[in-house]
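> Turn this into a model:
(2 chains)
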Protein chains: 2
Amino acid sequence: MRRVGALIFPGFELLDLFGPLEMFGLLKNDFDLQLVAETTAPVASNQQVSANPDVTITGTNHFDILFVPGGMGTRREVDNLPLLDWIRTTSGSAEYVLSVCTGSLLLAAAGVLDGRRATTNKAAYKTIADQYPQVDWVKQARWVEDGKFITSSGVSAGMDMALGAIALMHDRQTAEKVATWSEYDWHKDKDWDPFARVHDLV
Amino acid sequence: MRRVGALIFPGFELLDLFGPLEMFGLLKNDFDLQLVAETTAPVASNQQVSANPDVTITGTNHFDILFVPGGMGTRREVDNLPLLDWIRTTSGSAEYVLSVCTGSLLLAAAGVLDGRRATTNKAAYKTIADQYPQVDWVKQARWVEDGKFITSSGVSAGMDMALGAIALMHDRQTAEKVATWSEYDWHKDKDWDPFARVHDLV
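Predicted coordinates:
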């Protein structure tokens, strides 16, 4: 059983969070899902609908998997030093660190992606890559694995990455079972990325 | 601006709800998202993570779009007469009625699908079709449109249906913009359904 700490902050993107949590959540005996925020108050997403934190970043919680969604709110959180500190500490002790979309902006701001290969949202790619040149950004990828860091492209890419992570932590068959159960057309190839072309990155 | 009333109940399936709400929610000026439940207390999903109702079924709210997700909880709610009454009344005055996965079980139980073409989760298809023979169930479809009723297959199919509904309510270009923004590989063909074969329905 792996404990997943999914960070939420005001303006997180709804599907960045709940797409992957659907996939992990279907394996109830393997993943324990916990939403983590600065306080226990409900946190409004970029789509207004809110989510309820289970624990706060001030608690002494160990997470096997740190999960960071993206969203417009990341632009404010890059200046939130206590939050970046928490990301740094939690990354250090986690077995895996996952991000979706601009969630990688927070990982980059925390410095944990320095010298690592990573990807992000393709509409925001150029800005983010310019801002954090110490990260080895990959232009065309659905998701990128580098050691314990697994970062995905924008929003929906998180579901493909989550299934990829399940394949890595368990096996391909388990990931395929989850995809079939959720009637999801899994893009198994992590290099599949038509959106890099849409945004003139390749 | 269309007001979306998304019904939630204990044991709703996380992605059934939040996949489509991501798509509608990206068009902030066109859709106003409201979660509706029996009380205002947080409602736990099938993946444990909870959602917060904005309004209750006892309020006098008009919704342009009634949205019903599925999940294990539907098996209990088919016997919840006040909830089925609310579905019937709200369906009557709505411009569109949408369901994802076993959400169509609740619509069928409320009687609003009688004589209509509809689809549902493919693993649960045979049981549901046997239980509600007065509905014209479609075995192989990503989603089915019949008048104001738009019903989708299991879990992930809700995202394809939501984009189809956006194309219907606005235009194809708007739906494609939303898909690109969320880096989603939209299955535009509502007859695309490999999962019907997986479950020996065709």
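
> Please list the outside residues in contact with stretch A:185-193.
Contacts with stretch A:185-193, where a contact means CB atoms under 8 Å, 6 or more residues apart in numbering or on different chains, come from A:122, A:140-145, A:153, A:157, A:159-161, A:163-164, A:175-176, A:179, B:156, B:185, B:187, B:194. (Glycine included, C-beta is placed from N, CA and C.)

> Take those and keep only those in helices.
A:Ala157, A:Met159, A:Asp160, A:Met161, A:Leu163, A:Gly164, A:Ala175, A:Glu176, A:Ala179 (DSSP state H).

> Run through those residues and flag the ones next to chain B.
A:Ala157, A:Met159 (CB under 8 Å from any CB of the partner chain).

> between the ones in helices among the contacts of stretch A:185-193, which is nearest chain B?
Nearest to chain B out of the ones in helices among the contacts of stretch A:185-193 is A:Ala157 (CB to the nearest CB; 5.4 Å).

> Correct me if wrong: that closest one contacts A:Ser99.
No. A:Ala157 is not in contact with A:Ser99 according to CB atoms under 8 Å; the separation is 10.5 Å.

> picking that back up, let me have the ones in helices among the contacts of stretch A:185-193 in JSON lines, extended by distance to B:Arg88, pLDDT and neighbour count.
Shown next, in JSON lines, are these (distance: CB to CB, whole Å; pLDDT from 0 to 100; neighbours: other CB atoms under 10 Å in any protein chain shown):
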{"residue": "A:Ala157", "distance to B:Arg88": "39", "pLDDT": "98", "neighbour count": "33"}
{"residue": "A:Met159", "distance to B:Arg88": "34", "pLDDT": "98", "neighbour count": "32"}
{"residue": "A:Asp160", "distance to B:Arg88": "39", "pLDDT": "98", "neighbour count": "28"}
{"residue": "A:Met161", "distance to B:Arg88": "41", "pLDDT": "98", "neighbour count": "28"}
{"residue": "A:Leu163", "distance to B:Arg88": "38", "pLDDT": "98", "neighbour count": "25"}
{"residue": "A:Gly164", "distance to B:Arg88": "43", "pLDDT": "98", "neighbour count": "25"}
{"residue": "A:Ala175", "distance to B:Arg88": "40", "pLDDT": "98", "neighbour count": "22"}
{"residue": "A:Glu176", "distance to B:Arg88": "39", "pLDDT": "98", "neighbour count": "15"}
{"residue": "A:Ala179", "distance to B:Arg88": "35", "pLDDT": "98", "neighbour count": "23"}
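
> Greatest separation within the ones in helices among the contacts of stretch A:185-193: which pair is it?
Within those, A:Ala157 and A:Glu176 form the most distant pair, 18.1 Å apart (CB to CB).

> Quick check: closest non-adjacent residue to A:Pro53.
Nearest in space to A:Pro53, with sequence neighbours left out and distances taken as CB to CB, 6 or more residues apart in numbering or on different chains, is A:Ala37 at 3.8 Å.

> cool, A:Gly111 as well?
Nearest to A:Gly111 is A:Arg88, by CB to CB, 6+ apart, at 6.7 Å.

> that's a helix at that neighbour, yeah?
Yes. The assignment for A:Arg88 by DSSP: H, G, I helix; E, B strand; the rest coil puts it in a helix.

> Would you enumerate the residues in contact with A:Trp143?
Contacts of A:Trp143 by CB under 8 Å, 6+ apart are A:Thr119, A:Ile150, A:Thr151, A:Ser152, A:Ser153, A:Ala157, A:Asp160, A:Met161, A:Gly164, A:Lys190.

> Return the member of these nearest to A:Val198.
Among the contacts of A:Trp143, and counting by CB to CB, the member closest to A:Val198 is A:Ser153, at 11.1 Å.

> Point me to the helix or strand that includes A:Gln34.
Using DSSP states H and E, A:Gln34 sits within strand A:31-37.

> Quick check: neighbours of that strand in the sheet, parallel or antiparallel?
strand A:2-7 (parallel), strand A:55-56 (parallel) (DSSP bridges).

> Now render the ones you listed as a markdown table, adding mean neighbour count and mean pLDDT.
Formatted as a markdown table, the strands paired with strand A:31-37 follow (neighbours: other CB atoms under 10 Å in any protein chain shown; pLDDT from 0 to 100):
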| stretch | mean neighbour count | mean pLDDT |
| --- | --- | --- |
| strand A:2-7 | 22 | 98 |
| strand A:55-56 | 14 | 97 |
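
> May I see these arranged in CSV, with distance to A:Thr74 as well?
Shown next, in CSV, are those (distance: least, CB to CB, whole Å):
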stretch, distance to A:Thr74
strand A:2-7, 10
strand A:55-56, 19
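
> is it true that A:Pro10 touches A:Val43?
Yes. With contacts counted by CB under 8 Å, A:Pro10 reaches A:Val43, the gap being 5.9 Å.

> Of the two, which one has the most company?
A direct count of neighbours by other CB atoms under 10 Å in any protein chain shown for A:Pro10 and A:Val43 places A:Val43 higher, at 21 against 16.

> ok, how many other residues are close to the closest residue in space to A:Leu105 that isn't next to it in sequence?
Counting by CB to CB, 6+ apart, A:Leu105 lies nearest to A:Thr74, which is 4.8 Å off, once chain neighbours are set aside. A:Thr74 is flanked by 28 other residues according to other CB under 10 Å.

> show me the contacts for the residue nearest to A:Pro53.
So A:Ala37 contacts A:Leu7, A:Ile8, A:Phe9, A:Val43, A:Pro53, A:Thr56, A:Ile57 (CB under 8 Å, 6+ apart).

> That one and A:Ser50: what is the separation?
11 Å (CB to CB, to the nearest Å).

> picking that back up, now do the helix or strand following the strand holding A:Gln34: everything it contacts.
On the C-terminal side of strand A:31-37, the nearest following helix or strand under DSSP H and E is strand A:43-44. Residues outside strand A:43-44 that contact it (CB under 8 Å, 6+ apart): A:Ile8, A:Phe9, A:Pro10, A:Gly11, A:Phe12, A:Leu35, A:Ala37, A:Ser50, A:Ala51, A:Asn52, A:Pro53.

> In its sheet, which strands sit next to strand A:43-44, and in what direction?
Here, using DSSP bridges, strand A:43-44 pairs with strand A:50-51 (antiparallel).

> Relative to the whole chain's centre, how far out is the strand it pairs with?
17 Å (CA atoms, centre = their mean, to the nearest Å).

> Kindly report the same for stretch A:21-29.
15 Å.

> Fine, thanks again, bye for now.
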